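Engineer: Provided below are the primary sequence and the corresponding predicted coordinates.
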Amino acid sequence: MTTSPNALCFGEKFPATGQPCCVELSSTGLTVCLNADSPDTGGMNVPFSALMVSAGGLNHDHLVLKWGAGVQAHTLYLKDPVLIRSFRSSAPPGLTKDIEMTAANVRKVRSRQRTVWSILLAMLVGLGLLLWFGSDLLVDIAVDRIPVEWEQKLGESAYRDFLIHQQVLKDGPAVEAINEITRRLTEKISDNPYEFEISVVKNEVVNAFALPGGYVVVFTGLLQKAESGEEVAGVLSHELNHVLQRHGLERMVKQLGLVAIVTIILGDQQGLIGLMKQVGVELLTLKFGRAQETEADVTGLRLLHRARIDPSGMITFFQRLSEKEDGRVEWLSTHPMSAGRAALLKVEMAALPKTPPEPFTFQWKTVQESLGVEPVVAP
Amino acid sequence: MKSEILYPGAFPMVRVELAAGETIKAESGAMVASSPTIDVESKLEGGFLGALSRKLLTGEKFFFQTLRASRGPGEVLLAPTVPGEIVIMELDGLNEYMVQKDGFLAGADSVKIESQMQSLSRGLLGGEGFFILKISGKGALILNSFGAIHKIELKPDQEYIVDNSHLVAWSATTTYNIEKAASGWVASFTSGEGFVCRFRGPGVVFIQSRNPGGFGTWIRQFIPVSE
């Protein structure tokens, strides 16, 4: 007989917390020996045939054995895993069926509990991930709801404000060349909701930028540095695609945050103007994200290909500038030419079907001379 | 270790006598006074992670006090923060108790304290939060309540309904379900009971005669609002 109690016995005669007792198993049933505290109850022999088996306790982790009726009703709570295991192995098949069902129920309850917790945890993690990564999705939805006219109004005011303080070239070979490049490119944009307006600004800065709504500024410094019309076309195609992909709006909405996104999704686009003024978003200083740059690169390259402009000009111009003009070229500070970027463009280019490029009608030399660039004399 | 309740009623205190070398763990801040032979140590019961989970999950204190009679026998006086009764129980190694987070005052060193996760419905509606303390082992366990403490004894399959905010501790052999206090949703909440726990024996359930949350709401109306 085991010396220390290994189960709790409940019944009419016992305290509510149960009577600690020793349970011993035999081939025919159990012997329940109550403690020395109440020796009058003595040892009880209970045959397996008299037992009813179930799972009990707060966590369904007790094996509950019941026998007798009325004042003779006894309930035994077993918790010790070793005891439960030996009970399962020595009980007759009829009873074991009940035990197995009980065990299956316990497992089911536990697994349901685990499932509920896992689902809850997954939902929490999912919510976290949604807030972390899904903000892009929300931004996309919000941006989709902003009408183009409205975007144009926004871009136009910034564009006009900028041009007031600048010397804009009205005509001449440079303007004609830019117009031709723009025409060649925009002709090949399907479902173009924008009317692109491009200004050539006299400034030594090697830069070009696009505002939401289709307003593009090219500085003469960039034209001076370019060695061919195709190179300028590469930069322009990239900038036009920032507009087409509505990257400016995406950045704006991102900067303004969740409030703006919700306002726009719920239909109050006008509220955004006020919000922008309040937060003081400067359209001219908006920087695009890396993913947006890659997107503009790739879509820009495809547009060049459709317009039958040699796309390699785009890559060579970027690379040459980044090698020679380290840190002095404005456009590169916002568009760093990494090895990865060049490689990606080359892969994209290789994937495009080969079509013979159509040259521009202008002479690039003439354009450059009009901007005061000394013709390079071959040594 | 011998313990006795002094001044039973609303403002009781426990005197625990420790033999040389004996220790007792108590809720942090529970010690009122002690013999000079007693050393107070703070201990991360259940290791750092155990303590952390207890702190984060049940809202119980991160550290437990360990009071050790390191320089000879002595006595310690312990008291809970809130007014209310104290009950001393002797764990037999077989009975385990679930205790809501504010119910634990002290226990013998051989008493084991773990935090245990409840099922979602119990956690959400039971009023004790998702995690409760599971206390097992052998030795003295001292619980405290807000108001008087009342013990409900349940025979096998006997049922009893308890307002969830009045629960202090219950044995692991009981089971309970959360249900609405009245048959309808509106009546459940207009009656002021909301959810209740339907306990089913065998086992004991300790309840407190006052509801701390209700008391808080009541006293808030008397606190002057500063401008």
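Structural biologist: Great, that's in hand.
Engineer: ok, residue B:169 - contacts?
Structural biologist: B:97-100, B:103, B:135, B:143, B:205-206 (CB atoms under 8 Å, 6 or more residues apart in numbering or on different chains). For every residue, glycine as well, the C-beta is placed using N, CA and C.
Engineer: Quick check: the two most widely separated of those?
Structural biologist: Distance extremes for the contacts of residue B:169: the farthest pair is B:135 and B:205 at 14.6 Å, using CB to CB.
Engineer: Not counting sequence-adjacent ones, nearest residue to the residue of chain B found nearest chain A?
Structural biologist: Using CB to the nearest CB, the point where chain B gets nearest to chain A is residue B:153, with a distance of 3.2 Å. Ranked by CB to CB, 6 or more residues apart in numbering or on different chains and with sequence neighbours excluded, the top spatial neighbour of residue B:153 is residue A:16, at 3.2 Å.
Engineer: Any idea which helix or strand in the chain has the lowest mean pLDDT?
Structural biologist: No chain specified, so I'll use chain A. Among the helical and strand segments of chain A, the one scoring lowest on mean pLDDT, DSSP states H and E is helix A:270-279, with a mean of 60.
Engineer: oops, I was thinking of chain B
Structural biologist: Within chain B, no helix or strand scores below helix B:47-53, which has a mean of 61 by mean pLDDT, DSSP H and E.
Engineer: Who is the residue of chain B closest to chain A paired with across the strands?
Structural biologist: residue B:204 (DSSP bridges).
Engineer: Contact partners for it?
Structural biologist: Taking CB under 8 Å, 6+ apart as the contact definition, residue B:153 lies against A:15-17, B:201, B:204.
Engineer: Name the SS class of the residue nearest to residue A:355 when sequence neighbours are not counted, please.
Structural biologist: On the basis of CB to CB, 6+ apart, the spatially nearest residue to residue A:355 that is not a chain neighbour turns out to be residue A:308, at 6.1 Å. Secondary structure for residue A:308, judged by DSSP: H, G, I helix; E, B strand; the rest coil, is coil.
Engineer: Provide a list of residues in contact with the closest residue to residue B:155 other than its chain neighbours.
Structural biologist: Once flanking residues are discounted, residue B:155 sits nearest to residue B:201: 5.3 Å by CB to CB, 6+ apart. Residues in contact with residue B:201 (CB under 8 Å, 6+ apart) are A:10, A:16, B:153-160, B:173-174.
Engineer: For ChimeraX, what selects the buried ones among those?
Structural biologist: The ChimeraX selection below is limited to those of the contacts of residue B:201 classed as buried (16 or more other CB atoms under 10 Å in any protein chain shown):
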select /A:10,16 /B:154,156,160,173,174
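Engineer: Out of the contacts of residue B:201, which comes closest to residue A:84?
Structural biologist: Looking at the contacts of residue B:201 and their distance to residue A:84, the nearest is residue B:173, at 14.7 Å (CB to CB).
Engineer: Tell me if I'm right that the closest one and residue A:56 touch.
Structural biologist: Yes - distance between residue B:173 and residue A:56: 6.8 Å, which falls inside the contact criterion (CB atoms under 8 Å).
Engineer: Return every residue with contacts to both of those two.
Structural biologist: Common contact partners of residue B:173 and residue A:56 (CB under 8 Å, 6+ apart): A:62, A:77.
Engineer: how much space is there between the residue nearest to residue B:153 and residue B:8?
Structural biologist: Separation of residue A:16 from residue B:8 (CB to CB, to the nearest Å): 22 Å.
Engineer: got the residues of chain A near chain B?
Structural biologist: Remark: the part of chain A in contact with chain B comprises A:4-8, A:10-12, A:15-18, A:20, A:56-59, A:62, A:66, A:73, A:75, A:77, A:79, A:113, A:116-117, A:120, using CB under 8 Å from any CB of the partner chain.
Engineer: Any regions of chain A where pLDDT drops low?
Structural biologist: Scanning chain A with the threshold set as pLDDT under 70 gives A:1-3, A:35-42, A:257-286, A:324-339, A:374-379.
Engineer: do chain B as well
Structural biologist: Scanning chain B residue by residue, the ranges that satisfy pLDDT under 70 are B:43-63, B:119-121, B:123-130, B:188-189, B:191-193, B:226-227.
Engineer: what residues does it put near chain A?
Structural biologist: Applying the criterion CB under 8 Å from any CB, the portion of chain B that neighbours chain A consists of B:92-96, B:98, B:116-117, B:119-120, B:153-156, B:170-176, B:201-204.
Engineer: So among these, which ones count as buried?
Structural biologist: Neighbour counting over the residues of chain B next to chain A (16+ other CB under 10 Å) leaves B:92, B:94-96, B:98, B:116-117, B:119, B:154, B:156, B:170-176, B:201-204 as the buried ones.
Engineer: Look up how far residue A:139 lies from the most centrally placed residue in chain A.
Structural biologist: Within chain A, the residue whose C-alpha comes closest to the C-alpha centroid is residue A:133; the distance, by CA atoms, centre = their mean, is 2.7 Å. The gap separating residue A:133 from residue A:139 is 11 Å, by CB to CB.
Engineer: cool, residue B:169 as well?
Structural biologist: Taken as CB to CB, the spacing of residue B:169 relative to residue A:139 amounts to 52 Å.
Engineer: Same question for residue A:80.
Structural biologist: As for residue A:80, its distance to residue A:139 is 59 Å (criterion: CB to CB).
Engineer: what about residue A:160, neighbour count?
Structural biologist: By the criterion of other CB atoms under 10 Å in any protein chain shown, residue A:160 has 10 neighbours.
Engineer: Enumerate every residue touching residue A:353.
Structural biologist: Counting by CB under 8 Å, 6+ apart, residue A:353 has no contacts.
Engineer: let's see 10 Å
Structural biologist: Taking CB atoms under 10 Å, 6 or more residues apart in numbering or on different chains as the criterion, residue A:353 is in contact with residue A:305.
Engineer: would you say it is within a strand?
Structural biologist: No - if the criterion is three-state DSSP, then residue A:353 is coil and not within a strand.
Engineer: on that earlier part again, so what secondary structure elements neighbour the following helix or strand past the least confident helix or strand of chain B?
Structural biologist: If you walk from helix B:47-53 toward the C-terminus, the next helix or strand you reach (DSSP states H and E) is strand B:64-68. Under the contact criterion of 3 or more CB pairs under 10 Å, 6 or more residues apart in numbering or on different chains; DSSP states H and E, strand B:64-68 touches strand B:13-18, strand B:23-27, strand B:31-34, strand B:39-43, strand B:74-78, strand B:104-108.
Engineer: Pipe the ones you listed into TSV and attach mean neighbour count per row.
Structural biologist: TSV is the format used below for the helices and strands packed on strand B:64-68 (neighbours: other CB atoms under 10 Å in any protein chain shown):
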stretch	mean neighbour count
strand B:13-18	21
strand B:23-27	23
strand B:31-34	15
strand B:39-43	14
strand B:74-78	21
strand B:104-108	25
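Engineer: Looking at those, which is nearest to residue A:185?
Structural biologist: Across the helices and strands packed on strand B:64-68, residue A:185 has its closest neighbour in strand B:39-43 (72.9 Å, CB to CB).
Engineer: list the contacts for the residue of chain A found nearest chain B?
Structural biologist: Across chain A, the shortest distance to chain B (CB to the nearest CB) belongs to residue A:16, at 3.2 Å. With contact set as CB under 10 Å, 6+ apart, residue A:16 has these partners: A:10, B:151-156, B:158, B:171, B:173-174, B:201-205.
Engineer: So for the host helix or strand of residue A:85, what gets flagged as buried?
Structural biologist: For residue A:85, the host element (DSSP H and E) is helix A:81-90. Judged by neighbour count using 16+ other CB under 10 Å, the buried positions of helix A:81-90 are A:83-84, A:87-88, A:90.
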